[in-house]
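Chemist: Okay, sequence plus prediction incoming.
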Amino acid sequence: MSLSSEFFYRDNALVCERVDVASLARVYGTPCYVYAKRGITSRYQAYKHAFAGSWSEVCYAVKANSNLTVLRTLVDEGAWFDIVSGGELFRVLAAGGDPAKVVFSGVGKTPDEIRFAIEKGIHRFNCESEAEIKLISGIARAAGREVSIAVRVNPDVDASTHPYISTGLREHKFGIDIALAEAVYARAAMLPGVVSDGVSCHIGSQLLDVEPLLEAAGKMCSLVQRLRGRGLPIEFLDLGGGLGVPYGANDHPAAIPAYIERLRRVVEPLDLTIMLEPGRSIVAEAGILLTTVLLVKENGNKRFVIVDAAMNDLIRPALYQAYHEIVPVLREPVGEHMVADVVGPVCETGDFFARDRDLPSVAPGDVLAICTAGAYGFAQSSNYNSRPRACELLIDASDVHLARRRETYKDLIRGENVTLVHESLR
Ligand code: LLP
């Protein structure tokens with residue numbers, strides 16, 4: 001069972017930090033996300049400690065989990081942030097984050113988003129096309145500002161992960177081909193309003209093997225040397241996120257310190273500020289999704305455990321065939337087992353959390369924990385099938401913080417009109 005250090009059994013009852021998880025389900029209901037504060041801070045600090053003594057910034061990838069309480073927790077630790085939209089910048093600011101510690105990535109930034117980010121004074125943009133560099137240059141110039149940029153380079157390294165979260169090959173929409181990068185930098189150097197003082201890449205997510213990450217880092221270092229050789233003042237190297245986490249017993253990702261130690265050996269000779277954008281490896285294992293068994297249904301030789309969470313709450317199994325461990329919140333010391341599909345109530349065959357899974361026998365009313373759900377869980381949730389979104393709790397030792405209340409039916413229709421509203425277009 002792949003429970004993490006912050007979720008464990010005490011007398012066969014699941015505990016998060018010092019809080020009994022069954023009582024959380026009783027008080028706050030299900031589906032409910034539970035995050036362990038120490039799980040988040042300890043992983044962020046693992047990055048920082050591993051980097052100690054070198055110039056580095058750990059920019060948490062907000063997209064993994066953008067809850068304000070989670071962001072605030074990281075603000076308090078001194079984290080930087082990697083954002084991909086104006087909305088994420090708004091969230092970082094609402095959480096008390098410093099715009100000067102924000103890096104704006106993403107393949108399609110709108111003029112409004114760029115203007116908002118420049119106005120707030122973010123640290124830099126990671127640019128994914130020449131057209132975007134020109135757009136940022138124009139907006140910065142009009143605002144009388146000069147902004148730092150890095151070109152997101154596609155180093156053509158195979159991340160060997162799920163095709164939907166692999167981004168570093170030439171055929172992907174991301175970044176600028178490394179073979180074209182020098183020419184792009186040369187042209188960017190002529191533009192007003194932008195200073196090209198960084199390079200960046202991100203080759204994919206959930207990498208269980210660090211070799212591709214190190215290979216990409218090596219290629220990026222060579223590029224930095226070539227650019228410096230042309231007189232460009234490259235000071236920042238952003239290597240993106242991507243370190244994987246153990247979703248199942250067969251996943252053996254590198255530990256954060258081991259990865260950083262090897263990375264340092266590749267990048268240290270260049271005397272750069274190294275930036276990383278980890279998302280999943282900071283929050284995934286620090287979160288679980290609690291769900292209650294509604295009923296157990298037998299259909300011929302197939303058994304279904306129908307639970308009250310669904311693909312709208314956690315879409316990873318449906319979208320990426322992702323594996324998530326599922327454990328009972330109260331376990332029997334020597335109980336019976338059964339094989340079943342764990343499915344939600346949404347009207348889609350793809351609405352499942354596990355297929356043909358060997359589980360301890362469960363009955364209606366039992367509460368289950370879907371593990372390693374802190375990253376890309378709530379952040380990718382929706383109201384599909386008009387299901388109010390789950391509540392989120394952050395556990396700090398024995399304190400429970402309601403990080404987001406459960407949505408109500410009223411929340412579902414907020415902003416909608418029951419009658420036709422005519423607005424003239426001018
Ligand atoms: N930086 C950039 C530019 C990214 O695109 C991403 C993730 C990250 C950083 C953070 O990567 P991480 O450290 O979390 O691997 N929804 C998918 C994952 C999508 C990742 C998208 N980009 C999932 O649930 O597996």
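Modeler: That came in fine, so what should we check first?
Chemist: Can you pull the phi and psi angles for the closest residue to Ala150 other than its chain neighbours?
Modeler: With CB to CB, 6 or more residues apart in numbering as the criterion, Ala150 has its nearest non-adjacent residue at 3.2 Å, and that residue is Gly198. Just so you know, the C-beta spots here come from the backbone N, C-alpha and C atoms, and that holds for glycine as well. Main-chain dihedrals, Gly198, degrees, to the nearest 10: phi -150, psi 160.
Chemist: Gly198 reaches Leu232, doesn't it?
Modeler: No: assessed by CB atoms under 8 Å, Gly198 is found out of contact with Leu232, at 10.1 Å.
Chemist: Settle it for me: which of these two has more neighbours?
Modeler: Applying other CB atoms under 10 Å to Gly198 and Leu232 shows that Gly198 carries more neighbours, namely 26 against 19.
Chemist: Now do that one against Ser5, distance only.
Modeler: 35 Å (CB to CB, to the nearest Å).
Chemist: What of Ile306?
Modeler: In terms of CB to CB, Ile306 sits 31 Å off from Ser5.
Chemist: higher neighbour count, the two?
Modeler: Between Ile306 and Ser5, counted using other CB under 10 Å, the more crowded position is Ile306 (18 against 11).
Chemist: how about that one, what does it touch?
Modeler: For Ile306, the contacting residues are Val293, Leu294, Leu295, Val296, Lys297, Val343, Gly344, Pro345, by CB atoms under 8 Å, 6 or more residues apart in numbering.
Chemist: Give the burial count for Thr273, as a bare number.
Modeler: Neighbours of Thr273 (other CB under 10 Å): 14.
Chemist: The nearest residue to it once chain neighbours are set aside - how many residues pack around it?
Modeler: Take Thr273 and drop its neighbours on the chain: the residue closest to it by CB to CB, 6+ apart is Trp55, 4.1 Å away. The local packing of Trp55 (other CB under 10 Å) involves 12 other residues.
Chemist: Can you read off the pLDDT for Trp55?
Modeler: Predicted confidence (pLDDT) for Trp55: 90.
Chemist: any idea how far the ligand is from it?
Modeler: Distance check for Trp55 against the ligand: by CB to the nearest ligand atom, to the nearest Å, it reads 20 Å.
Chemist: try Pro328
Modeler: 24 Å.
Chemist: sec struct for Leu263, please.
Modeler: helix (DSSP: H, G, I helix; E, B strand; the rest coil).
Chemist: meant to ask about Phe90
Modeler: Strictly by three-state DSSP, Phe90 counts as helix.
Chemist: try Asn126
Modeler: Per three-state DSSP, Asn126 ends up strand.
Chemist: in the protein, which helix has the most residues?
Modeler: helix 211-229 (DSSP state H).
Chemist: Now that one: buried residues?
Modeler: Pro212, Leu213, Leu214, Glu215, Ala216, Ala217, Lys219, Met220, Cys221, Leu223, Val224, Leu227 (16 or more other CB atoms under 10 Å).
Chemist: Let me know the closest of these to the ligand.
Modeler: Leu213 (10.4 Å; CB to the nearest ligand atom).
Chemist: which residues touch that closest one?
Modeler: With CB under 8 Å, 6+ apart, Leu213 has these contacts: Ile203, Leu207, Leu239, Gly242, Leu243, Tyr259, Leu263.
Chemist: tell me which parts of the protein are close to the ligand?
Modeler: 61, 64, 82, 105, 165, 202, 205-206, 240-242, 277-281, 316, 320, 376, 380 (CB under 6 Å from any ligand atom).
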